[in-house]
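> Kindly generate the corresponding structure for this input.
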Amino acid sequence: MKIKLYPDSILRKRAGNIKDKDIQKLSKAMLTTMITNRGIGLAGPQVGLSKNIAIISPQTSQELNSHLVLINPEIIEVSGESEYEEGCLSVYGISGKVKRNSDIVVETGLPGERKIIKAEGLLATVIQHEIDHLNGILFPDRMVFPKRAWNLLKSRIKRKKDGKA
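Numbering: from 1, shown residues only. Purely as a prediction, here's the structure:
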């Protein structure tokens, strides 16, 4: 699987729900891609799949002993506020502080097999970041000064196209 980079249009589309149970192969391929690219989270649209699936690294929480697979995730409860410096495999070369909820409750899974996950700190931030991807939202949209970040990114893309990388 290959990481899709901004401005690829799939990054701005809302992903569709997963209905089938054949997610094992897909999640393994996404996990490999996430690890290869040194990420801590990866959503379907980032690898060209308009599907509601995200992989979260165990590096995000001491409570995770293996990667977390989110299927059709939905945040059902939020509280608190935190701020982390975020970056993204699909928005190369940009990072910035983003305010998010510090504690969240997420419902995830296929219909009839839903489960509840409680997350805090970095894990909560990464889950929110990946769910944003599933909804066509990129982290610079949530930055304090998003226009500055987008202008910087667009100028880098233009320089690269002009051969002045």
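> Every contact and neighbour count from this point should use C-alpha atoms.
Fine.
> can you pull out the helices in the chain?
For the chain, the helices defined by DSSP state H cover 24-36, 121-134, 146-161.
> Identify whichever of those lies nearest to Y84.
Closest to Y84 of the helices of the chain is helix 121-134 (Cα to Cα; 7.7 Å).
> Contacts for the worst-scoring helix or strand of the chain on mean pLDDT, please.
Sorting the helices and strands of the chain by mean pLDDT, DSSP states H and E puts helix 146-161 at the bottom, at a mean of 75. With Cα atoms under 8 Å, 6 or more residues apart in numbering as the test, helix 146-161 has contacts from V91, G93, I94, P140, A165.
> Stretch 32-41 too?
Here stretch 32-41 makes contact (Cα under 8 Å, 6+ apart) with 1-3, 42, 54-60, 88-89, 126-127, 130.
> residue nearest the centroid of the chain?
For the chain, the residue lying nearest the average C-alpha position, counting by Cα atoms, centre = their mean, turns out to be E130 (2.3 Å).
> pLDDT score for that residue?
pLDDT for E130: 98.
> With adjacent residues omitted, what lies nearest to it?
A43 (5.6 Å; Cα to Cα, 6 or more residues apart in numbering).
> wait, that neighbour sits on D132?
No - taking contacts as Cα atoms under 8 Å, A43 lies outside contact range of D132: 9.1 Å.
> These two: who's more crowded?
A43 (29 against 19; other Cα atoms under 10 Å).
> so what's the more buried one bridging to?
A54 (DSSP bridges).
> That one and L11: what is the separation?
Distance of A43 to L11, computed by Cα to Cα, to the nearest Å: 10 Å.
> ok, the nearest residue in space to V106 that is not next to it in sequence - contacts?
Spatial nearest neighbour of V106, excluding adjacent residues (Cα to Cα, 6+ apart): I75 at 4.4 Å. Residues near I75 by Cα under 8 Å, 6+ apart: I104, V105, V106, E107.
> that older thread, buried set for the least confident helix or strand of the chain?
A149, L153, R156, I157 (16 or more other Cα atoms under 10 Å).
> ok, now stretch 20-36?
Here stretch 20-36 shows S27, M30, L31, T33, M34 as buried, counting by 16+ other Cα under 10 Å.
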